[in-house]
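Enquirer: please work out how this folds:
(2 chains, ligands or ions: 1)
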Amino acid sequence: MAAETLFGKIWESHRIRSLDDGRDLIFVDRHLLQETTSAAAFDGLVQDGRHVAAPELTFATQDHIVSTEPARSLASNPGGRELIDLMRRNAGNHGIAMFGLDDPRQGIVHVIGPELGLVMPGTVVACGDSHTSTAGGLGALGIGVGTSEVEHVLATQTLVLPRPRTLRMRFDGQPGNGVTAKDLVLHALGRFGIAIGTGHAIEYTGAAIRALPVEARLTICNMSIEFGGRLGLIAPDDATVAYVHDRPFAPTGRLWDQATAYWRTLRTDDEAVFDRELSLDVSKAAPQITWGTTQQDVIGVDQAIPDPATIADLAARQRMEAAIGYMGLTPGCPIEGLPVDVVFIGSCTNARLSDLEVAAAIARGRRVAPGLRALVVPGSSAVKREAEARGLDRIFAEAGFEWRSAGCSMCVSINEDIVPAGARCVATSNRNFENRQGPRSRTHLASPAMAVAAAVSGAIADVRRLA
Amino acid sequence: MKRAPFEVVSGPAAPLPHVNINTDAIIPAPYLRSASADLGAGLFARWRYDDAGRENPDFVLNRPPFRSARILLAGENFGCGSSREAAAWALVRFGIRCVFAPAFADIFYENAFRNGLLAALMPQESIDYAVACAETAQSEGHFTVNLAERALRCPDGRHLAFDVPAFRADALLRGDDDIAATLEYADEIATFRARDALIRPWIQTFGNLA
Ligand code: SF4
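Expert: Alright, predicted model coming up:
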């Protein structure tokens, strides 16, 4: 058999047929739904007299618009009620399991997928949300789709897709002190840009990736979409298998043995050829922070805001000037020391238990700077319970952080968690676009450790000085 | 659902030639809070309106000929970021039927065609030419998109070539229903599932529930 990439193996095992137009019809193992991108899909389905093809492979949650008030109820955030009710009604009408507001399994869809064992190595996971790529951290193909495609998966349990080209991104070297998975992926975005992955499936490899614990791999793959890639993945290994073991929906007994034997075949063959190869040495990278309004606008925390005057290309210079203007920055000034108004620790990128543990370790015994609002929003209700069992909530509360309920919160600011106009926020989420966290909000993306450093310093700060 | 077939589109072309216009900019999050929001009004809302909700007179879609734009001329990597299909819906509700750009983000590209919105690839030089033409054209200076010919006719009579994969163009011209097309393969999908249940039995049987 010809040498094959990890991506190719999983794709082929799900290819039902190739269509005349060159696209492939792909089987979807797990279809995950969230409340803001599914209502219209159910409407379309019902209007055309169709039904859900595989409700037993379909799971729904509520995460985007839910209130994250500490003692929330259905009455919190009335503005979100319509979509929350529609999700519940649609799931009920179509026999779909739903982990809603009051369910212990509720959480951000990309956090609960792996957590519940719905996402497993070698699976194809579809969800009406671009960060479905997170699933790649377990060696799955996580495919983010629009609402029409949600309807297509509901009706057929398949997707029709052009086969992506393959891109291997190798991370060499050992990351330095204070440099986490988030810093690695931001560093790569700075180097390769936000369009490098368009049309590609990205496989992340190299010593720095292999050494990452599973939750950190989820962080890396989460941001595949930030490269423009529709999916990204990391080959499963012993750590992956151990992670999936005993998850609520994971196989048991004989099925578990069969599954693990299969998962061990899921790796890129030595001779396999990628359409594109990239590599970067991460050993010299400092903790990263974005300064601008796309994720490629990123520097080490010890660096200065770039100066547009040094950019020869006119269009590029104007873009940089616009970003610096929007963000209220001074070219050439160190980014460290820039005063911060809000710190957001949360999102499907960085709100798993390990993220909160890192954050709590730095927050312990320190205080959030006066006048600064700092939120910790667990990625799921399970993460919240486990963090509380370990006493992390008390550490955060004593340090002056708000300890909130699970949801997307200030990552997308579609509920009531909004950064005030003109305010500067250090966020552990994945998008620093203009107005993303609220009108005229200014977002700096960073790791949970760097976010805590900013919260206790009242300004962008190098976490290595706090350790 | 079967869509209305794509006809020849003619009208003003609005120039918005920035690179990396993301879907958060195309339709901001507040317009996603309800299943019945006025998405046409929300198109590019943060650029179109000030904080008090008044129109920003400088923004292209608030200027006379472009208020009724049917065509958008954009920069590279249009539609990046969030998968929100409301970005395509907002463009369509506003009245835009074609977006021209040197490159599109993957999910937006798919969403566009699924809503009868033509996302056409056009080299940067041609975009630049069309933008200049749009800026100087009078209000009656219409652009015309001929999908079958893969040509954008500028008000000065010049034809600019664009690219769309044949299967996407055909589907637009016919108004195809993608789901109906896939359901033609229902038997093959069932066969696949039956075979896969033997190869990967843990996928369709949940261990703890079996
Ligand atoms: S946390 Fe942010 S990126 Fe993740 S699913 Fe929610 S809104 Fe999307």
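
Enquirer: the closest residue to the ligand within the stretch 51-200 of chain A - how many residues pack around it?
Expert: Nearest residue of the stretch 51-200 of chain A to the ligand: A:H131, at 4.5 Å (Cβ to the nearest ligand atom). (C-beta placed from N, C-alpha, C; glycine too.) Applying other Cβ atoms under 10 Å in any protein chain shown, we find 28 residues neighbouring A:H131.

Enquirer: show me what contacts it?
Expert: A:H110, A:G144, A:N222, A:I225, A:C348, A:T349, A:N430 (Cβ atoms under 8 Å, 6 or more residues apart in numbering or on different chains).

Enquirer: could I get the phi/psi values of the residue lying closest to B:G75 once chain neighbours are set aside?
Expert: Leaving aside its chain neighbours, B:G75 sits nearest to B:V19 (3.9 Å; criterion: Cβ to Cβ, 6 or more residues apart in numbering or on different chains). Reported as degrees, to the nearest 10, the phi and psi values for B:V19 are phi -90, psi 160.

Enquirer: B:V19 contacts A:R319, correct?
Expert: Yes: with contact defined as Cβ atoms under 8 Å, B:V19 counts as touching A:R319 (7.1 Å).

Enquirer: could you work out the end-to-end span of stretch A:47-64 for me?
Expert: Using Cα to Cα, to the nearest Å, one end of stretch A:47-64 lies 26 Å from the other.

Enquirer: what about the residue nearest to B:G75, distance to the ligand?
Expert: B:V19 sits 22 Å away from the ligand, going by Cβ to the nearest ligand atom, to the nearest Å.

Enquirer: neighbours of that residue, how many?
Expert: 20.

Enquirer: A:R317 now?
Expert: Neighbours around A:R317, by other Cβ under 10 Å: 15.

Enquirer: the one 5 residues further on now?
Expert: For A:A322, the tally of surrounding residues (other Cβ under 10 Å) stands at 15.

Enquirer: ok so it is a helix residue?
Expert: Yes: A:A322 forms part of a helix when assessed by DSSP: H, G, I helix; E, B strand; the rest coil.

Enquirer: once you drop chain neighbours, what's closest to it?
Expert: A:T293 (8.0 Å).

Enquirer: cool, A:G128 as well?
Expert: Spatial nearest neighbour of A:G128, chain neighbours left out: A:T37 (3.5 Å); criterion: Cβ to Cβ, 6+ apart.

Enquirer: report pLDDT for the one you found.
Expert: The model reports A:T37 with a pLDDT of 93.

Enquirer: repeat that for the one 4 residues further on.
Expert: What the model reports for A:A41 is a pLDDT of 97.

Enquirer: burial check on it, number of neighbours?
Expert: Residues contacting A:A41 under the criterion other Cβ under 10 Å number 24.

Enquirer: identify each buried residue in the helix or strand hosting it, please.
Expert: Assigning secondary structure by DSSP states H and E places A:A41 in helix A:39-47. Residues of helix A:39-47 classed as buried by neighbour count (16 or more other Cβ atoms under 10 Å in any protein chain shown): A:A39, A:A40, A:A41, A:F42, A:G44, A:L45.

Enquirer: mind checking how far the fifth one is from A:I65?
Expert: It stands for A:G44. Applying Cβ to Cβ, to the nearest Å, the value for A:G44 to A:I65 is 20 Å.

Enquirer: A:D297 and A:R431 touch, don't they?
Expert: No: A:D297 is not in contact with A:R431 according to Cβ under 8 Å; the separation is 12.0 Å.

Enquirer: of the two, which one has the most company?
Expert: The residue with more neighbours, out of A:D297 and A:R431, is A:R431; 26 against 22, by other Cβ under 10 Å.

Enquirer: quick check: the more buried one touching A:C425?
Expert: No: using Cβ under 8 Å, A:R431 is not in contact with A:C425; the gap is 11.8 Å.

Enquirer: show me the contact partners of the helix or strand harbouring A:I220.
Expert: Assessed by DSSP H and E, A:I220 sits inside helix A:214-222. With contact meaning Cβ under 8 Å, 6+ apart, helix A:214-222 is reached by A:110, A:114, A:131, A:133-138, A:142, A:180-182, A:184-185, A:204, A:209, A:212, A:232-234, A:239-240, A:243, A:348-350, A:352-355, A:430.
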